[in-house]
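Visitor: The following block contains a protein sequence and its predicted model.
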Amino acid sequence: MHSVSMHVAEIMGGDPEVSGGYETLPSIADKVAWLAVDAVGGAPRAPRLETDVSWRESAECLGVDPDLFFPERGESAAPAKEVCCRCNVQDDCLKYALGNGIVSGVWGGKSERQRRKIRREQATERDAGSSGTD
């Protein structure tokens, strides 16, 4: 089984040996939203908490295999993005990932690389705004 699945199953109390562990985990999308995976070692870590995460209950990815959203190096993120493009809380998901510094996986229809670009653009805008006229 993929390491992300094992981490989700182990941390959230599911049985990773039963049907991949997914049916035994209540609301996988909800659990994955609280799990950030270290890009290097795959070790789970708790993200900073956001006060309103009610959007997760309406996520299109609810019940979808979480491995889809954490493609291995060289694998396509397109299948995950297809799920995201049908989701009515895509913007909230992206804001959550950006606001909590989540670096791994597909969140809000954006890959790790796409979110890095957004964060760089936001930092540039903040820097430009702070160096404006005083």
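Guide: Cool, the structure landed. Numbers count the residues shown, from 1 in each chain.

Visitor: low-scoring stretches of this structure, by residue?
Guide: The model of the chain has pLDDT under 70 over residues 1-51, 132-134.

Visitor: ranges for the helices of it?
Guide: In the chain, the helices defined using DSSP state H lie at 3-12, 28-33, 78-85, 90-99, 112-130.

Visitor: what's in contact with the fourth one?
Guide: To tie it back to what came earlier, the one meant is helix 90-99. By CB atoms under 8 Å, 6 or more residues apart in numbering, the residues outside helix 90-99 that reach it are 33, 48, 50, 53, 55, 59, 84, 87, 102, 107-110, 115, 118-119, 122. No exception for glycine: its C-beta is placed from N, CA and C like everyone else's.

Visitor: same deal with the last one?
Guide: Residues outside helix 112-130 that contact it (CB under 8 Å, 6+ apart): A39, L94, A97, L98, I102, V103, S104, G105, V106, W107, K110.

Visitor: Out of those residues, which end up buried?
Guide: Burial by neighbour count, 16 or more other CB atoms under 10 Å: within the contacts of helix 112-130 this picks out L94, A97, L98, I102, V103, S104, G105, V106, W107, K110.

Visitor: List the contacts of R86.
Guide: Per CB under 8 Å, 6+ apart, neighbours of R86: E60.

Visitor: Quick check: it vs Q114, distance?
Guide: Distance of R86 to Q114, given as CB to CB, to the nearest Å: 18 Å.

Visitor: Buried residues of stretch 106-124, list them for me.
Guide: Using 16+ other CB under 10 Å as the test for burial, stretch 106-124 gives V106, W107, G108, G109, K110, S111, E112, Q114, R115.
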